[in-house]
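Trainee: Whatever this is, show me its structure:
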Amino acid sequence: MDGQQNAMNSGSRPGKNRWLRSWEKKVAQGATLVYLDEVGFSLKGVRRRTWSTRGVTPLVILPANWEKLSTIGAITSDGRFFQHTKPGAIRSGDVTRFFQHLLRHVQGKIVVVLDNAGIHRAKATQAFVALHERLSLVFLPPYAPELNPIELVWAYVKRNVLGNFCARSVGMLKAKLTTAWQRVRYIDLPQYLMDSNLCRYQ
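Mentor: Numbering: from 1, shown residues only. All right, here's what the predicted structure looks like:
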């Protein structure tokens, strides 16, 4: 299908090497790779290790209402980070609006690397891509999150920003996430991940 590629037989290291080399080739030809994914954050919090008095189990009081926020985000091969956070789940309409945002802010050819989630395969998503010549999609193989470096952004935020943090409201959670996205940019995490990801299998 035009504007789409599927990663086939990429579960082995040779397969991953081939894909990394093909992505580097696209960058050399002037395309910008955009690694895209979605993640959810709830009021349940992220439990991490903590200190307590011997024999005393530490307790954290959580709200009974586990409302959630969802983020659609991407890092680019030149080290930029984009995200949009909203209440509830990410829908196909959110994906196409995010693509519109990328088209406004990223010049030239854009190759979006993403998983096989239903919202990525949705007719509305595919129709949008078909209308924009600069935009193409590459679908990752199943069970290969290591090929998508933005997964490490989500892991970093959950571990280093949200660890043992218990928001009392969605507003408090959103404010904490705003701090998280600022921190991701401040420490230049996307560029570091891109540098390490493209060299990992060489």
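Trainee: Find the centremost residue of the chain, please.
Mentor: Among the residues of the chain, Asp37 comes closest to the average C-alpha position under CA atoms, centre = their mean, at 3.4 Å.
Trainee: What does the pLDDT read for it?
Mentor: pLDDT for Asp37: 98.
Trainee: Can you tell me the SS state at it?
Mentor: Classification of Asp37 using DSSP: H, G, I helix; E, B strand; the rest coil returns strand.
Trainee: Give the bridge partners for it, please.
Mentor: Counting by DSSP bridges, Asp37 is bridged to Gly73.
Trainee: Can you name the residues that contact it?
Mentor: Taking CB atoms under 8 Å, 6 or more residues apart in numbering, we find Asp37 in contact with 72-74, 114-115, 148, 150-151, 154. Just so you know, the C-beta spots here come from the backbone N, C-alpha and C atoms, and that holds for glycine as well.
Trainee: likewise Met194?
Mentor: Applying CB under 8 Å, 6+ apart, the residues near Met194 are 75-79, 149.
Trainee: Okay, helices next: where are they in this structure?
Mentor: 13-28, 92-105, 118-121, 123-130, 150-160, 170-186, 189-199 (DSSP state H).
Trainee: Using the centroid of this protein, identify the residue furthest from it.
Mentor: In the chain, counting by CA atoms, centre = their mean, Gly55 sits farthest out from the average C-alpha position, at 39.8 Å.
Trainee: what's the neighbour count on Lys68?
Mentor: The number of residues packed near Lys68 is 14, by other CB atoms under 10 Å.
Trainee: Asn116 now?
Mentor: Neighbourhood size, Asn116 [other CB under 10 Å]: 12.
Trainee: Find the nearest non-adjacent residue to it, please.
Mentor: Phe139 (5.4 Å; CB to CB, 6 or more residues apart in numbering).
Trainee: Quickly list what that neighbour is bridged to.
Mentor: Judged by DSSP bridges, the bridge partners of Phe139 are Asn6, Leu114.
Trainee: quick one: it from Ile72, how far?
Mentor: Using CB to CB, to the nearest Å, we find Phe139 at a distance of 16 Å from Ile72.
Trainee: Comparing these two, which residue is more hemmed in?
Mentor: Ile72 (22 against 18).
Trainee: Pull up the per-residue confidence for the residue nearest to Asn116.
Mentor: Predicted confidence (pLDDT) for Phe139: 93.
Trainee: Just to check, it is in contact with Leu114?
Mentor: Yes - counting by CB atoms under 8 Å, Phe139 touches Leu114, with 6.5 Å between them.
Trainee: any residues in contact with both of these two?
Mentor: Each of His120 lies in contact with both Phe139 and Leu114 under the rule CB under 8 Å, 6+ apart.
Trainee: related to what we said a few turns ago, out of the helices of the chain, which is closest to His84?
Mentor: Comparing these against His84 with CB to CB, the closest turns out to be helix 92-105 (5.9 Å).
Trainee: picking up where we left off before, any idea how far the residue nearest to Asn116 is from His105?
Mentor: Distance, Phe139 to His105, using CB to CB: 23 Å.
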